[in-house]
Every structure is written in C-alpha cells, then in structure tokens.
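A.B. asks: structure, please.
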Amino acid sequence: MRTGRQLPTGLLSGLVCGLLAGAGLFHGLANAAPTGVLNGAPSGAALLPTPQLVLDAEPPALRNLLAQGNALEELDNPVQGAWQAALRYCQAASLGSIEGQYRLGMLYAFGQGVAEDRALAAALFSLAGSRGHTQAARMLETIEFTSSELPGCMTHAALPKKAPLPLATAAEPDTGTIRTAEFNGLRIELGAADGAGIDKLVSQLPQHKRWIVPLATKLSAWHELDPKLVLAVIAAESNFESNARSPKQAQGLMQLIPDTAARFNVKNAFDATQNLRGGMRYLRWLLAYYRGNLPYALAAYNAGEGRVDQYHGVPPFNETRHYVQRILGLYGKAQHTFDERLVQAPGWLATSMR
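C.D. replies: Numbers count the residues shown, from 1 in each chain. Now for the predicted structure:
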C-alpha cells in the first residue's frame, strides 16, 4: 500500500544537507570516510553520522556488504556505481540490516542509481525507523509520504530499476526581451519566463555553495514548488549562505525570523534542511493564501502578510519592492500553482477576484 499524506512537522536535523554536500553520508564503517550517494558533489556542510551503536550492531557479513556498497558509490561513474551499491544495500537490507534499509531508502528518495521512488523510500525508512534508526525516522518525516511496499529486490529477488541517465539540455538564447507586469501600482520587470535568470546565477555559484542546489531542488519537488522559484528566493534572501544572519535576526538560507521558525517547527534555522523545509512551507502557505499571486506572496515573505493585507497588495516599502523585483527578475513569472485547501484567501483578495 502506498499513500501520500501530510506528516507531523518534525524536521530532519541536517542529514540531507550533509548527504548532498558530499561530505560523506555514512561514517564509522570499516574506518572509511565515504563520499555519500551524490558522488562528486562539492563539499560544504557537516553531516549527521549514523550512530556507532547502530553500526556496531551489524554482523560482520552485513558490515562487509555495506562497505562494498560505500566503495561502489565512490566510483567515477556515479550512476552505475550507485546502482551497484543499491544491490549490496538491498542484499544487506534483506538480511535484516537496518543501516542497509536506510541507505537503500536514501538512494530511492534521491533517485541515485535507482529510479526515484518516494513510496519505496518511505517503506524502507519506516522499517528502519521502527527498529531504532533515528535518521531513517527523520527522513520519513521529511519526504512526507507513507508506504508499506518494499522494493522487489527485497521481496522476490528482482533487480532494482536503474535511474534514467541525465539529459543534456542546450541553453536558450537570451533575446533581451523585457516583459513587464503591474501589481498594486508597482511595475515589475520580469526575466525570461523559463527562469534563465536564476539558471545563469546558479551556474556561476562558487564551488562551496553548489551543494545547496540539488538539496533545494529535491525538497522543492516534495513541497510542490518550482525549484527555480525557491532558488531565486534563496539568492535574494541569503545569497546561498547557510549561516547568514540579518540585523533583524533572520537566519539561514531562507532567512527565517524566530517567529516564523517557531510557526513551522524549525528547531535550528542554521541547519540547511530544516531551514529550507520551513521556508518552503511558509512560501507554499503564502501562495495558497494569495491564490498563486507571486508579487503578493513574495512581499508577504519579506514584510509579513499583515502588511500586504493592510495595503491590499505590495506595500510601498523600498526594501520590499526591490525584493519582489529581484526575485521575479530572476524567476520570470508572476503566478505559481497553489493548493487552495491550505487556507482561505483574505477577504479583500477574494472580493477582487470575483
């Protein structure tokens, strides 16, 4: 059985950040310091290691399978290496290794080596978490999915489906066309509708910041947000600095103030995964509240929804207007999909939409 559902708001404490930073996913195994499931990703963040107690509980034969899988992830060919690693992890998981279940779940969650499948990942995290694997339990919260369907490689010796090869894409030429839109008397210049502005910015990021991109992209998909929008918000908020702090005490990649962090159950705003998840939940809520109107949602992210409601649109603050202009200039769109079930629109907006 596989079903999607909203889980409690407990947040993952840094594990995915470390995973995607390439600083090493699994510590403490056979004196190795592996590079993790996104082989070749730039380093840039510390990771939460698997507790030594969990590793010590694995029999020597299973520890050997885990070590083999880890070595395969470090191959120069990350796609083939990760798939071969999945075979070892699946064998270990089938023999009762909770670390093997967790590692295989990570590969399925992020589509590394094997085809991405949140349901299979959720089942593996649930199984390992129920047996005391803390990181697996936190990953189950993060992917916001529940399932009891285990991979075929565990139930009937079927080979896992390989992840598709990445597609090469050619950059669209910049036509130089400037598109404009007007909201509440604010004239906004929009960038290219395909998000070429944020694409160019991301391509020029220094090496030590690039680990943030795949992490934000994956979490955006899980929160039903366009990753290019989220990356544009991160660029405007913190310039991809996970330790950024403003004079108003806004913290982390998406610059959460303490009240917003508490509202979305973020315990450590400097933890990249927690910060992104809290910021994305807030952004998703604002998009529902303002019915997909990005200038209003972004203005509220910057100045608070109370100010946007007060002025029935983007408030007349230079900082807020510049903020909205910058993000829409990078993103190139003024509307985003939204889930109207999350919250009712404010009365003034509902009236104007009739």
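A.B. asks: show me the helices in the stretch 1-150 of the chain, by range?
C.D. replies: Ranges of helices in the stretch 1-150 of the chain, per DSSP state H, counting those that start in this stretch, are 15-21, 52-56, 60-73, 78-94, 98-110, 118-130, 134-143.
A.B. asks: rebuild the ones you listed as JSON lines, extending it with mean pLDDT.
C.D. replies: Output for the helices of the stretch 1-150 of the chain, formatted as JSON lines (pLDDT from 0 to 100):
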{"stretch": "helix 15-21", "mean pLDDT": "39"}
{"stretch": "helix 52-56", "mean pLDDT": "73"}
{"stretch": "helix 60-73", "mean pLDDT": "92"}
{"stretch": "helix 78-94", "mean pLDDT": "91"}
{"stretch": "helix 98-110", "mean pLDDT": "93"}
{"stretch": "helix 118-130", "mean pLDDT": "94"}
{"stretch": "helix 134-143", "mean pLDDT": "84"}
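A.B. asks: out of those helices, flag the one nearest residue 164.
C.D. replies: Of all the helices of the stretch 1-150 of the chain, helix 78-94 sits nearest to residue 164, with 9.1 Å by Cβ to Cβ. Quick note: C-beta positions are derived from backbone N, CA and C, even for glycine.
A.B. asks: kindly format the C-alpha coordinates of the closest one as PDB.
C.D. replies: Output in PDB follows, covering the C-alpha atoms of helix 78-94 (Å, rounded to 0.1, in the frame of the first residue of the first chain):
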ATOM      1  CA  PRO A  78      28.200   7.700 -10.100                       C
ATOM      2  CA  VAL A  79      25.100   6.300 -11.900                       C
ATOM      3  CA  GLN A  80      26.500   2.800 -12.400                       C
ATOM      4  CA  GLY A  81      28.300   2.900  -9.100                       C
ATOM      5  CA  ALA A  82      25.200   3.900  -7.100                       C
ATOM      6  CA  TRP A  83      23.200   1.100  -8.800                       C
ATOM      7  CA  GLN A  84      25.700  -1.500  -7.900                       C
ATOM      8  CA  ALA A  85      25.800  -0.100  -4.400                       C
ATOM      9  CA  ALA A  86      22.000  -0.500  -4.300                       C
ATOM     10  CA  LEU A  87      22.400  -4.200  -5.000                       C
ATOM     11  CA  ARG A  88      24.700  -4.500  -1.900                       C
ATOM     12  CA  TYR A  89      22.400  -2.400   0.300                       C
ATOM     13  CA  CYS A  90      19.400  -4.400  -0.800                       C
ATOM     14  CA  GLN A  91      21.100  -7.700   0.000                       C
ATOM     15  CA  ALA A  92      22.100  -6.300   3.400                       C
ATOM     16  CA  ALA A  93      18.500  -5.000   4.000                       C
ATOM     17  CA  SER A  94      17.000  -8.300   3.000                       C
END
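A.B. asks: ok, which of the helices of the stretch 1-150 of the chain comes nearest residue 300?
C.D. replies: Distance to residue 300, taken as Cβ to Cβ, is lowest for helix 134-143 among the helices of the stretch 1-150 of the chain, at 25.1 Å.
A.B. asks: next one: that closest one to chain centre, how far?
C.D. replies: Distance of helix 134-143 from the chain centroid (Cα atoms, centre = their mean, to the nearest Å) equals 13 Å.
A.B. asks: which parts of stretch 304-321 are buried?
C.D. replies: 304-305, 307-309, 311, 313-315, 320-321 (16 or more other Cβ atoms under 10 Å).
A.B. asks: what about the strands in the stretch 151-300 of the chain?
C.D. replies: Assigned by DSSP state E, counting those that start in this stretch, the stretch 151-300 of the chain shows strands spanning 179-183, 186-190.
A.B. asks: end-to-end on stretch 278-298?
C.D. replies: Separation of the first and last residues of stretch 278-298 by Cα to Cα, to the nearest Å is 15 Å.
A.B. asks: returning to what we had before: now intersect the buried residues of stretch 304-321 with the helices, please.
C.D. replies: Of the positions in the buried residues of stretch 304-321, 305, 307-309, 311, 320-321 sit in helices, assigned by DSSP state H.
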